[in-house]
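**Student:** Give me coordinates for this.
(chains A and B)
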Number of protein chains: 2
Amino acid sequence: MKSTMSRVALSVSEIFSHGELLFPDSKIFTYTSEGTHVLSYGEVAKRARQLANGLVALGVKHHDRVATFCFNHNQHLEAYLAIPSMGAVLHTLNVRLFADQLQFIIDDASDKVIIADNIVLPLLLKCLIGRESVETILVVGSYDEALVEGFRTENNSSVTFIEYDSYISKFSEDFEYVEVEDENDAAAMCYTSGTTGNPKGVVYSHRSTYLHSLAASSSASLGLNSADRALVIVPMFHANAWGIPYAGWFVGSDMIMPGRFLQAAPLAAMITELRPTIASGVPVIWNDLLHYTEANPTDLSSLRIISAGGSAVPRALIEAYRDRYGLTLLQGWGMTETSPLCTLAIPPDNVAEEDRIKYLMTAGRPVAGVEIRIVDAEGQKLPNDGESMGEIQVSGPWITNSYFKGVNPGAFDGKWLRTGDMGTLDPEGYLRITDRTKDVIKSGGEWISSVELENAIMAHPDVFEAAVVGVPDDKWDERPLACVVLKQGSNVSAADLSNFILSQVAKWWLPERWSFVEEIPKTSVGKFDKKVLRNLYSEDKLHVHHV
Amino acid sequence: MKSTMSRVALSVSEIFSHGELLFPDSKIFTYTSEGTHVLSYGEVAKRARQLANGLVALGVKHHDRVATFCFNHNQHLEAYLAIPSMGAVLHTLNVRLFADQLQFIIDDASDKVIIADNIVLPLLLKCLIGRESVETILVVGSYDEALVEGFRTENNSSVTFIEYDSYISKFSEDFEYVEVEDENDAAAMCYTSGTTGNPKGVVYSHRSTYLHSLAASSSASLGLNSADRALVIVPMFHANAWGIPYAGWFVGSDMIMPGRFLQAAPLAAMITELRPTIASGVPVIWNDLLHYTEANPTDLSSLRIISAGGSAVPRALIEAYRDRYGLTLLQGWGMTETSPLCTLAIPPDNVAEEDRIKYLMTAGRPVAGVEIRIVDAEGQKLPNDGESMGEIQVSGPWITNSYFKGVNPGAFDGKWLRTGDMGTLDPEGYLRITDRTKDVIKSGGEWISSVELENAIMAHPDVFEAAVVGVPDDKWDERPLACVVLKQGSNVSAADLSNFILSQVAKWWLPERWSFVEEIPKTSVGKFDKKVLRNLYSEDKLHVHHV
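**Tutor:** Numbering: from 1, shown residues only, chains lettered A, B, ... in the order given. Predicted coordinates for the structure are as follows:
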């Protein structure tokens, strides 16, 4: 028996038009080197329609890929709104990738137009030679015409370069959205920045984007609303900035776009000046900001929540924000493959104040729509007992069930995405990430969680950052190596740190190998790059203390 | 280009399992003649699974209709959760319908099992003779076996009667949900209680129920969440109690189910005792409660919002709750055909306190997902100028695009539902309902809004209720007749009232005919039954004053 309900498609253009209709006066702030630009939703919407008309004039058709190579700013948001609404596919390119990865991705996606920031234009030019699909670059900001002309003549390139703002200003502010026939059609795509193999394309649909936006604005999750002002630190080229731009637009939240000013000092200035109510970023950003505010008192009182994801948040960091600023640092967990929102570490209601930390320390519970299971090495579901550790698998309407062009089919088990993360689920539904499958340390046939060791070490007041990796060991096959960045002026020893963590982890987990380093290498999206640490160790480039 | 996202179906079982997993300790309170019963979500979920097993044992299969004939209580919620999750179709029967309408509806839907309250069993028995599809009645509460046996022998009926609670207690608490293959499959159905013609079936899908639940819990709409306790006054047999049971369960809200205790005194007692944060009901309920609290001071301070829909809310009522209790009476608009949430009268942020009433007086703005347009008699879209009046048409994923068995196809124009309501849309997106198409008064070729006249009259402090209908007039074709219920002890005259409204409406709108009545007749869902008033007038049964 079928329902009588309308089969009208869920679409990005509905997000676009709804936000504009209800919240024409909400604000988009963009930080630039020339100061802060402010535009209303109404103005951004008009510019987005001008962009759509401008892209049509460049020959962009239904399903064509239009890439962005940008930091967070109003133009990037205009691309988010315009490109899917005109029936094309928004492809966000990560400005922190290596040239060879970018070349592969541009070819794989067959990008026709690329909207690129002037500041990263030199990097883009390095990638452009041989990219046959690319016809036009729309450059955000002023750029050196001579540089571009030099590139064109040197490489006999037919790619056209046009300045974004002046180009779109020529076009009409009216645009008829393309009716989406199938809500499963592509709206946007993003490549995973895996550390092994070629990047893999994840293609978001109109349906998944719409549902994810509803999920992110639910009162049961982030509760974004029109009284919010969101500081969007997570790059829009990385998993759609966790969906905040679309979810925020849908409910009329002001948004602050920090451009490329992602260091602690300018972020602190934005928070003081523009008083955001919510901010989202990876843990290293919050760690940097915390240390900055120690030396430079900053008013964080406008924030009702700061959210973190992408890697585990150390307990010490959550406690520091709580104790110094009365501020909840809310962990979430997800990935490019999951749009990305899967879980949020919201404690249950009515939990005693001193018990909240127990829940805040987890990766959180599934948001409505997401199913999670833990699976052993044979693919059997493990009990939700908070102890059985296995691979985390997820399913839901905004979680990918394949990769673009069908690569890597082994990442899926029926409706389930095999995430490559290891963890446990407890009876209350809280997920704990114990490790990446490739980072977990196999010592004498038992598993040691690198993440738990890192958290234990980072709880020491003299430690700025710490990463733990598995290294070969003759007796135990693998043993942990702790790489530690100390705060300036500290002379804590490896033995001190080992003693410090003794009460927190099993004795047999204690690392025998410690290395004090200047900084922890990071991936393009700000995660610890453990592959680099393992390589440094194997090449004998780390100074290692034995305890 | 297709997306790579999972095609996993949206389903009611996802709502069911998500609420149980995350919020096992949230509470369902049920008022009964023997006191208040309290069950946790965990207990309700187990009982719902027992019900599912019990229904399977009664032969209920995929797509079979299982009806309810109940007030609001935990058993009704169990039916909401269990029936769609087992792949059957929940059919809510309105206990206030006439027997002949019920007979038509039961036959039309081919209900196999009916879950019915003991208190309405005599009414149900009147309808059962000749209903060939019905095999079993599950009776909620104790009932007179002799009555039932008498019915069976007298009518040679093979219908089985079983007591609900003791029946389900025999079954397992485990149940494997049916995987929904097509999210457009029927999950529930409800018949419109139109005052003309046969009732028409509206069939909700798993998809529409899921999306509607997300919409109702969005921070941009009611913002239901796990800290809420919802007093569900709107009957669950009427447009799914505005979706609160599903939306509330999805986010873990406590719910208070008032059973058949819908009068002002018991509602005031529930509010005092159980301290709900949100409550939803038709305007007459709020009018009754307001007058009750005048004589019986009641603590309403737990409420953050009270919502009203089903008919226009008089300005005086909104102002009274605001001024006496600091409480927002939030109007919404929708209908059985629309699941029902279409609009909510939430004022924009940053509106001056004195301007809020302007927005609260409207029917509201579309919630995310709903599109609205105003159309003239020729079907042409009118401008959103706040002045052009025409038929309100709506479209969206939880709005019906046909009726069950394809009846009344004229109610649809492509993706648009022709609502039969007249109104205007302003540039900010706020909808004003001026009338039902069948209630608007056509006087000398011009339209007079019966609703605006009613609001003007009800603003008078001596008026309890007022309804305005069009009556035949030799000179103008049709003129307004005002039917007024005065508060006890008042001796206000028709001339006084006419003078009072003179400043609020056009002079040519002023009714020449006034009638003071004991009460305004109401439909089964609590709306003014204007057909009855028109009939009373035509049969000369009203005492009419001419002004």
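**Student:** Which parts of the stretch 51-200 of chain A are helices?
**Tutor:** Along the stretch 51-200 of chain A, counting by DSSP state H, counting those that start in this stretch, helices occupy A:74-85, A:99-109, A:121-128, A:145-154, A:164-168.
**Student:** highest average neighbour count across those?
**Tutor:** helix A:74-85 (a mean of 27; mean count of other Cβ atoms under 10 Å in any protein chain shown). From N, CA and C alone the C-beta is placed, and that goes for glycine too.
**Student:** Near residue A:256, how many other residues are there?
**Tutor:** Using other Cβ atoms under 10 Å in any protein chain shown, residue A:256 has 24 other residues around it.
**Student:** Chain B contacts on the stretch 1-150 of chain A?
**Tutor:** A:1-8, A:10, A:14-15, A:18, A:21-23, A:25, A:63, A:89 (Cβ under 8 Å from any Cβ of the partner chain).
**Student:** Just the buried subset of those residues, please.
**Tutor:** A:1, A:3-6, A:8, A:10, A:14-15, A:18, A:21-23, A:89 (16 or more other Cβ atoms under 10 Å in any protein chain shown).
**Student:** Okay, now the unreliable bits of chain A?
**Tutor:** A:193-196, A:525 (pLDDT under 70).
**Student:** How about the stretch 251-400 of chain A: which residue is closest to chain B?
**Tutor:** residue A:251 (4.1 Å; Cβ to the nearest Cβ).
**Student:** meant to ask about the stretch 201-350 of chain A, not that
**Tutor:** For the stretch 201-350 of chain A, Cβ to the nearest Cβ, closest residue to chain B: residue A:205, 3.3 Å.
**Student:** For residue A:86, see how far away the closest residue to that residue other than its chain neighbours is.
**Tutor:** Closest residue to residue A:205 apart from its sequence neighbours, by Cβ to Cβ, 6 or more residues apart in numbering or on different chains: residue B:3 at 3.3 Å. Applying Cβ to Cβ, to the nearest Å, the value for residue B:3 to residue A:86 is 17 Å.
**Student:** ok, now residue A:495?
**Tutor:** 63 Å.
**Student:** ok, these two, which is more surrounded?
**Tutor:** More crowded of residue A:495 and residue A:86, by other Cβ under 10 Å: residue A:86, with 25 against 11.
**Student:** Report the contact partners of the more buried one.
**Tutor:** By Cβ atoms under 8 Å, 6 or more residues apart in numbering or on different chains, the residues touching residue A:86 are A:52, A:55, A:56, A:60, A:175, A:177, A:178.
**Student:** from those, which is closest to chain B?
**Tutor:** Once Cβ to the nearest Cβ is applied, the member of the contacts of residue A:86 that ends up nearest chain B is residue A:177, at 11.7 Å.
**Student:** Identify the residues contacting that closest one.
**Tutor:** Residue A:177 neighbours (Cβ under 8 Å, 6+ apart): A:11, A:13, A:16, A:17, A:85, A:86.
**Student:** Identify the farthest-apart pair in these.
**Tutor:** Across the contacts of residue A:177, no pair lies farther apart than A:17 and A:86, at 13.0 Å, counting by Cβ to Cβ.
**Student:** Quick check: residues of the stretch 301-450 of chain A near chain B?
**Tutor:** A:339, A:348-349, A:365-366, A:368-369, A:371, A:395-404, A:415, A:417, A:428-429.
**Student:** Can you flag the buried ones in those residues?
**Tutor:** The buried subset of these (16+ other Cβ under 10 Å) comprises A:339, A:348, A:365-366, A:368-369, A:371, A:395-404, A:415, A:417, A:428-429.
**Student:** Which of those residues fall in strands?
**Tutor:** Within these, residues falling in strands by DSSP state E are A:365, A:366, A:371, A:395, A:417.
**Student:** who does the fourth one bridge with?
**Tutor:** Beta-bridge pairing for residue A:395 (DSSP bridges): residue A:371.
**Student:** quick one, strands of the stretch 101-250 of chain A?
**Tutor:** Assigned strands in the stretch 101-250 of chain A, in chain order: A:111-117, A:136-140, A:160-163, A:186-191, A:201-205, A:229-232 (criterion: DSSP state E, counting those that start in this stretch).
**Student:** Helices of the stretch 351-500 of chain A, residue ranges please.
**Tutor:** Going by DSSP H, counting those that start in this stretch, the stretch 351-500 of chain A shows helices at A:356-360, A:450-458, A:494-501.
**Student:** Just send those helices back as JSON lines, with distance to residue B:541 too.
**Tutor:** Shown next, in JSON lines, are the helices of the stretch 351-500 of chain A (distance: least, Cβ to Cβ, whole Å):
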{"stretch": "helix A:356-360", "distance to residue B:541": "66"}
{"stretch": "helix A:450-458", "distance to residue B:541": "80"}
{"stretch": "helix A:494-501", "distance to residue B:541": "88"}
